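**Q** Have a look at this prediction, sequence included:
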Amino acid sequence: MAEGNWHAADIDRVIVSEDQIREKIDELAKQVGTDYGTAESVLLVGVLKGAVMFMADFARALGRYGPPVEMEFMAVSSYGQGTTSSGVVRILKDLDSDIAGRHVIVVEDIVDSGLTLSWLMKYLQSRRAASVEVVALLRKPDAVKVNVPVKYVGFDIPNEFVVGYGLDYSERYREVPYVGVLRKGVYAQG
Ligand SMILES: O=P(O)(O)OC[C@H]1O[C@H](OP(=O)(O)OP(=O)(O)O)[C@H](O)[C@@H]1O
Ligand code: HPA
Ligand SMILES: [Mg+2]
């Protein structure tokens, strides 16, 4: 629950609690660990900044169940300051290493319109990865309209703007430890 913390006033309701996040990550890591059991290693590509919390927790969970992990980060931006995707994906930070022949798992906090991910999948495949799959903590219904196969999904959530656990509104609320719906008045005020 949104206890007596400063952010409680800005959060309408909790969608995914800290406990639910922890349990789901363990479950996802077990599944990925089984599926990649014979791989020499997997390359996790975290999508900054939203996926930082999920990346850190998911990588640690894979440490219990999976093959050896390497971590890379990309930064792309399509939302800027707003609450809707601009549809234009910009690379703000590219991969540091060659991913040819690697088993890549893209680690995303949320698949919303699916625009970021569909762009990213094409980009990573063009870099000749051996395989590219996606693990996303959250997915919204609109994402299914875009043809992005997300193999590992944590939670399907309603079509509302959410914050917390890495997700921001105008760079705020990323440190909130659960995922909640932002009270409409907060962004209506600008
Ligand atoms: O499915 P989509 O509609 O494309 O939305 C999903 C993407 O949007 C958000 O990133 P954002 O552009 O806000 O950057 P950030 O992670 O730095 O906040 C989120 O972290 C995902 O990467
Ligand atoms: O609901 C959301 N909240 C925060 N960032 C986002 N990026 C895509 N969808 C969202
Ligand atoms: Mg954002």
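**A** That came in fine, so what should we check first? Ligands and ions are numbered 1, 2, ... in the order given.
**Q** For His7, grab the count of nearby residues.
**A** 18 (other CB atoms under 10 Å). Bear in mind the C-beta positions are built from the backbone N, C-alpha and C, glycine included.
**Q** whoops, Leu95 was the one
**A** Leu95: 16 surrounding residues under other CB under 10 Å.
**Q** Pro141 against Glu160, yeah?
**A** No. With contact defined as CB atoms under 8 Å, Pro141 does not reach Glu160; the gap is 10.6 Å.
**Q** Of the two, which one has the most company?
**A** Between Pro141 and Glu160, counted using other CB under 10 Å, Glu160 has the larger neighbour count: 14 against 11.
**Q** Show me what from the chain comes close to ligand 2.
**A** Within the chain, the positions near ligand 2 by CB under 6 Å from any ligand atom are Tyr79, Ile110, Asp112, Phe161, Val162, Val163, Leu167, Asp168.
**Q** hang on, isn't Ala51 packed against Thr116?
**A** No. Between Ala51 and Thr116 there is no contact, the gap being 10.7 Å when judged by CB under 8 Å.
**Q** which residues of this structure fall in helices?
**A** Taking DSSP state H, the helices of the chain run over residues 18-35, 52-65, 115-126, 184-188.
**Q** Would you mind listing the residues touching both of Ala51 and Thr116?
**A** Glu108 (CB atoms under 8 Å, 6 or more residues apart in numbering).
**Q** rewinding a little: can you flag which of the residues of the chain next to ligand 2 belong to strands?
**A** Judged by DSSP state E, strands contain the following of the residues of the chain next to ligand 2: Ile110, Val162, Val163.
**Q** ok, now which ones touch the last one?
**A** With contact set as CB under 8 Å, 6+ apart, Val163 has these partners: Ile11, Tyr169, Arg172, Tyr173, Arg174, Val176, Val179, Gly180, Leu182.
**Q** And those residues, which is closest to ligand 1?
**A** Closest approach between the contacts of Val163 and ligand 1, by CB to the nearest ligand atom: Arg174, at 7.8 Å.
**Q** how many neighbours does that closest one have?
**A** 17.
**Q** Next: Gly185.
**A** 9.
**Q** Distance of it relative to Tyr165?
**A** When CB to CB, to the nearest Å is the yardstick, Gly185 and Tyr165 sit 22 Å from each other.
**Q** Can you flag the buried ones in the residues of the chain next to ligand 2?
**A** Tyr79, Ile110, Asp112, Phe161, Val162, Val163, Leu167, Asp168 (16 or more other CB atoms under 10 Å).
**Q** how about the second one, what does it touch?
**A** Taking CB under 8 Å, 6+ apart, we find Ile110 in contact with Gly50, Ala136, Leu137, Leu138, Arg139, Lys140, Val162, Leu167.
**Q** now the residues you listed in JSON lines, with distance to Lys93 and pLDDT?
**A** Converted to JSON lines, the contacts of Ile110 look like this (distance: CB to CB, whole Å; pLDDT from 0 to 100):
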{"residue": "Gly50", "distance to Lys93": "13", "pLDDT": "95"}
{"residue": "Ala136", "distance to Lys93": "20", "pLDDT": "98"}
{"residue": "Leu137", "distance to Lys93": "21", "pLDDT": "98"}
{"residue": "Leu138", "distance to Lys93": "22", "pLDDT": "98"}
{"residue": "Arg139", "distance to Lys93": "24", "pLDDT": "96"}
{"residue": "Lys140", "distance to Lys93": "25", "pLDDT": "94"}
{"residue": "Val162", "distance to Lys93": "24", "pLDDT": "96"}
{"residue": "Leu167", "distance to Lys93": "19", "pLDDT": "97"}
